[in-house]
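Asks: Need coordinates for the below:
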Amino acid sequence: MVQVWDPLVRVFHWSLVGLFIVAYASGEAADTLHLVAGYAVVALLLLRVVWGFIGAPHARFSDFVRAPREVLEYMRLARQHRAPRYLGHNPAGSAMTIALIVALGGICLTGHLMTTTTWWGSKTMEHLHELLVNGTIGLIGLHLLGNLFSSRQHGENLTLSMITGAKRRQ
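Replies: Model (predicted):
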């Protein structure tokens, strides 16, 4: 076994899961809990972006961000059950990571804008916020399915590796 996911990445991941659930569950009320959860997500996202440049090797964007062509090729190979195993993020996981960071950033931005004088009470901003939330839930569903698919295809428990940080070498 080799340590792949450093403690910051793992704490970020599971804190984000928890905060998203809290924000979603408290969203209709738009109360203090919802706002605090949202701003905590902003702090986590900012930390993760910084960590993507200076963090542990598998946490760095330079280690896992792939061109769209590589992502599509990986997905084609995965459908054929011929996709190579990656120690860190595979190209599909890379694309999902970026998509989730962008989507969550959009949710946070629209949520913040709704607290400003300019956008207070704006139905347009509220609908955009809700659209981003619902799109993110779709991405989360795809993330979970991809995790199960890759875990099965490569004979490893990716969820457990995000808890322990460890994956097998080969």
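Asks: So in this protein, which helix runs the longest?
Replies: helix 123-154 (DSSP state H).
Asks: where's that one relative to the chain centroid, distance-wise?
Replies: Relative to the centre of its chain, helix 123-154 is centred 9 Å away, using CA atoms, centre = their mean, to the nearest Å.
Asks: same for the helix or strand just after it, what does it pack against?
Replies: Using DSSP states H and E, the helix or strand that follows helix 123-154 in sequence is helix 158-164. Helix 158-164 is packed against helix 7-25, helix 123-154, with contacts defined by 3 or more CB pairs under 8 Å, 6 or more residues apart in numbering; DSSP states H and E. C-beta here means a position set from N, CA and C on the backbone, and glycine is covered the same way.
Asks: Turn those helices into CSV, including mean pLDDT.
Replies: Listed next are these as CSV, based on pLDDT from 0 to 100:
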stretch, mean pLDDT
helix 7-25, 97
helix 123-154, 97
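Asks: wait, which of these is closest to residue 36?
Replies: helix 7-25 (8.5 Å; CB to CB).
Asks: what angle sits between the longest helix of the chain and helix 7-25?
Replies: Interaxial angle, helix 123-154 versus helix 7-25 (axes from the mean of the first three to the mean of the last three CA atoms, to 10 degrees): 130 degrees.
Asks: Any buried residues in helix 123-154, and which?
Replies: Neighbour counts over helix 123-154 (16 or more other CB atoms under 10 Å) mark 125, 128-129, 132-133, 136, 139, 143, 146-147, 149-150, 154 as buried.
Asks: Show the secondary-structure elements that it is packed against.
Replies: helix 7-25, helix 68-79, helix 91-113, helix 158-164.
Asks: could you point out which element follows the first one?
Replies: The first helix or strand that comes after helix 7-25 along the chain, using DSSP H and E, is helix 32-54.
Asks: quick one, the longest helix of the chain and helix 68-79 angle?
Replies: Using the same axes, to 10 degrees: helix 123-154 against helix 68-79 is 50 degrees.
Asks: How far off centre is stretch 89-106?
Replies: With CA atoms, centre = their mean, you get 5 Å for stretch 89-106.
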